[in-house]
Each structure stands twice: as C-alpha cells, then as structure tokens.
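> take a look and give me a structure for this.
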Amino acid sequence: QVQLVESGGGLVRAGGSLRLSCAASGRTSSLFKMGWFRQVPGKREFVGGISMSGNSTYYGEFVKGRFTISRDHAKNTVYLQMNSLKPEDTAVYYCAADWRRRDSWYSYTDFGQGTQVTVSS
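Take a look at the predicted model:
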C-alpha cells in the first residue's frame with residue numbers, strides 16, 4: 001500500500017495559479033504511475049497522470065494546457081501546476097497512486113485525503 005499526502009490547496013482568484021504537491025510513502029518502489037482527480041458534489045473527474053519511469057503524462061480533456069503534472073522521483077513527490085484557474089476548477093483535488101501496474105491512466109490503487117481548491121470570480 002502507498003500513503004499519499006497532498007498539500008498546496010487554498011483560495012485563489014480567477015486567472016491565478018496554484019501548485020499542489022503529493023508526497024508518497026510506503027510501497028514507493030513499486031509505484032507505476034501517479035495521478036490527480038478532482039471531486040465536486042456528484043462528480044469525480046480525472047485531471048491527469050504521470051508515469052514513474054520516463055515522463056509520460058496524460059490529461060483529462062478539460063485541462064487544455066492549463067495544468068501540468070511533474071514529478072520528483074527522488075522525493076517520491078508529484079506536482080500539479082494549475083494556471084489560468086477558473087471558478088469551475090473549484091473542487092477537492094485528490095492525489096492517486098498505482099503500484100499494481102494497471103494499464104489504464106484512469107485506474108489507481110490508492111488515494112490521498114484530498115486538498116480543497118477554491119477559485120473566486
């Protein structure tokens with residue numbers, strides 16, 4: 001199992017930026033990929049993911065170049081840089097990890113507790 005701790009959420013004005021971090025611990029040597037989801041009442045949305053070998057990334061359709069996922073392999077940490085934020089980006093953002101080598105970018109084994117991002121208009 002992998003433990004995930006997110007940080008960096010908060011309140012930002014529309015057009016602003018935030019960077020979320022996710023630190024992984026536990027079974028990190030088996031990590032295959034990590035990713036981000038976001039949750040609003042009644043809907044969970046895939047934000048994007050990054051492979052832990054190489055630098056392959058994959059993003060949800062709504063991202064459209066505004067968000068970037070990166071990683072620091074030595075620190076077992078992934079980042080979500082969010083630019084040009086909109087009020088509709090308001091959500092709880094969850095970090096996710098996959099250590100079972102699931103093929104789909106949308107499938108993960110462990111999730112963090114989430115961090116709130118609020119974008120004011």
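> per-residue confidence for the most centrally placed residue in the chain?
Centroid-nearest residue in the chain, with CA atoms, centre = their mean: W36, separated by 2.4 Å. W36 is assigned 98 on the pLDDT scale.
> give me the contacts around stretch 109-121.
1-14, 16, 18, 20, 22, 37-39, 82, 85-100, 102 (CB atoms under 8 Å, 6 or more residues apart in numbering). (Each C-beta comes from the backbone N, C-alpha and C, glycine too.)
> out of those residues, list just those in strands.
2-7, 10-13, 18, 20, 22, 37-39, 82, 91-98 (DSSP state E).
> now, of the residues you listed, which are buried?
Buried members of the ones in strands among the contacts of stretch 109-121, counted by 16 or more other CB atoms under 10 Å: 2, 4, 6, 12, 18, 20, 22, 37-38, 82, 91-98.
> next, T28: phi, psi?
phi -70, psi -20 (degrees, to the nearest 10).
> show the contacting residues for it.
Applying CB under 8 Å, 6+ apart, the residues contacting T28 are V2, N76.
> ok, now M82?
S17, L18, R19, L20, R66, F67, D89, V117.
> partners of it in the sheet?
As for beta bridges, M82 partners with L18, F67 under DSSP bridges.
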